[in-house]
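Participant: any chance you could fold what I've pasted below:
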Amino acid sequence: MVFAAGLALGGAAPTMSVLLAARFVQGLGAGVMNVAIMVLVGRVYDERERARIMTWFSGCWMLPAFAGPAVAAWVAQTFSWHWVFWGLLPLVFVAGVLVFVPLRAVRMEGQPSEAGGKRHLGLAAGVAVGVALIQLAGQNLQLLSLAQAGVGLVALWLCLPPLMPRGFSWIGSGVSATVSTRTLTAGAFFGAEAFIPLMLVETRQLGLFEAGTTLTIGSLGWMLGAWLQSRPWLRLRRDTLITLGAGCIAVGLASVALGAWFAGVWLVVLALGWTLAGLGMGLSVASGSLVVMQVSAGDELGRNTSALQVGEALGTSLFAGLAGTWFAYTHQDFPAPVSFGGLLTVMVLAGVAGTIMARRIGPVRNHSLSQ
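Facilitator: Numbers count the residues shown, from 1 in each chain. As a prediction, the model looks like this:
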């Protein structure tokens, strides 16, 4: 209902400020749904079925990435951009009808109290404000920016720990390491993704369509990785799959960074590198969610799953902001390789750090293996 309300408000938005508020409501609903779905998967399906479910989820996420931009552009040009939002409401209604009866049959225990839910909502808002202040500070480096960044860091220091798993440490093991790995790898991947099309347009003189196709290539790699992690013949532990995925992200981004630094690198090297990075995301994201489901106690599953989502959003926001700051202060005064190669090198280092953190997860059996 919250997601649908955000869509309705977005379609009716008379100003950009109202549209931003609508997108916030829409994101709030989507975040709640994502966590609830993962908790349901952990409670309803056995350990062998979860891996296949994660593959289907990846397909559901990737399909809109292929068709969504083209369909949205057609709707906006043929009717109005308002219908990009309103046109989704019937689909949300159908989805609600389809899941209403099955969800009523699911018994969920250990749910947070209403007061606890409101507290966590406030803490999440505090984290969002902290990240926004840090990003804002990076766009205009001056004395005031230091104050903004300081307030943002204080907000994260106060609001983030209660949203993390019990006993959480950024350099810890188990669930802590899983969250840290997701934060670093998602930040590296999506931080790079935000600038790759622009890099290809400016440095390789590709058209917007050709440059945008690179994102589709990464999506195909992601889907392949999600499919591979569920194959019973891939006899690797879950923690090994996460480490392998993080390593693929680092190596893939290194190939893209190489093409950013040196114009003589073939375009196919960049395409293969981005596909490899997508493959790594498919392996690590699905396996990370499955690790949290497997090692979390029943009453901790919701909190730990939520922490994984918070870590992903935090890493994406912070690293995309860091990349934007680098780009803003180098794009005009330095050659393109410094702008794009520099920010992509930072993303490579984040991927390497994610690979190191993945090694700290510890052995987690892969229950999708055939016996």
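
Participant: kindly list the longest helix within this protein.
Facilitator: In the chain, taking DSSP state H as the definition, the longest helix is helix 47-78.

Participant: quick check: mean pLDDT of that one?
Facilitator: Regarding helix 47-78, the rounded mean pLDDT is 72.

Participant: ok, stretch 177-192 next?
Facilitator: When pLDDT is averaged along stretch 177-192, the result is 95.

Participant: before we move on, what about stretch 249-256?
Facilitator: Averaging pLDDT along stretch 249-256 yields 96.

Participant: who touches that stretch?
Facilitator: 185, 188-189, 192, 196, 269-270, 272-281, 284, 344, 347-348, 351-352, 354-355 (CB atoms under 8 Å, 6 or more residues apart in numbering). Quick note: C-beta positions are derived from backbone N, CA and C, even for glycine.

Participant: switch the cut-off to 7 Å
Facilitator: Residues from elsewhere that reach stretch 249-256, judged by CB atoms under 7 Å, 6 or more residues apart in numbering: 185, 188-189, 192, 196, 269-270, 272-274, 276-277, 280-281, 344, 347-348, 351-352, 354-355.

Participant: cool, stretch 181-188 as well?
Facilitator: Outside of stretch 181-188, the residues that reach it under the criterion CB under 7 Å, 6+ apart are 242, 246, 249, 253, 284, 288, 308, 311-312, 314-316, 318-319, 347, 350-351, 353-354, 357-358.

Participant: in it, what's buried?
Facilitator: Buried positions in stretch 181-188, judged by neighbour count with 16 or more other CB atoms under 10 Å: Thr181, Arg182, Thr183, Leu184, Thr185, Ala186, Gly187, Ala188.

Participant: just the closest of those to Val364, please.
Facilitator: Distances from Val364 to the buried residues of stretch 181-188, taken as CB to CB, are shortest for Thr181 (12.3 Å).

Participant: gap between Leu156 and Ala132?
Facilitator: 11 Å (CB to CB, to the nearest Å).

Participant: which one's more surrounded, those two?
Facilitator: Neighbours were counted for Leu156 and for Ala132 using other CB atoms under 10 Å; Leu156 has more, 19 against 15.

Participant: nearest spatial neighbour of the more buried one, chain-adjacent residues omitted?
Facilitator: Across the structure, with CB to CB, 6 or more residues apart in numbering as the measure, the residue nearest Leu156 apart from its sequence neighbours is Gly130 (4.2 Å).

Participant: mind listing what that neighbour touches?
Facilitator: With contacts taken as CB under 7 Å, 6+ apart, Gly130 has the following neighbours: Gly152, Leu153, Ala155, Leu156, Cys159.

Participant: can you give me the neighbour number for the closest residue in space to the last one that isn't next to it in sequence?
Facilitator: So the one you mean is Cys159. Once its chain neighbours are removed from consideration, Cys159 has its nearest residue in Gly126; the separation is 3.4 Å (CB to CB, 6+ apart). Around Gly126 sit 18 other residues, with neighbours defined as other CB under 10 Å.

Participant: if we can go back for a sec, can you go through the contacts of stretch 249-256 and name the buried ones?
Facilitator: Applying the neighbour count, that is 16+ other CB under 10 Å, the buried entries in the contacts of stretch 249-256 are 185, 188-189, 192, 196, 270, 272-274, 276-277, 280-281, 344, 347-348, 351-352, 354-355.

Participant: just the ones of these in helices?
Facilitator: Cross-referencing the buried ones among the contacts of stretch 249-256 against helices under DSSP H gives 185, 188-189, 192, 196, 270, 272-274, 276-277, 280-281, 344, 347-348, 351-352, 354-355.
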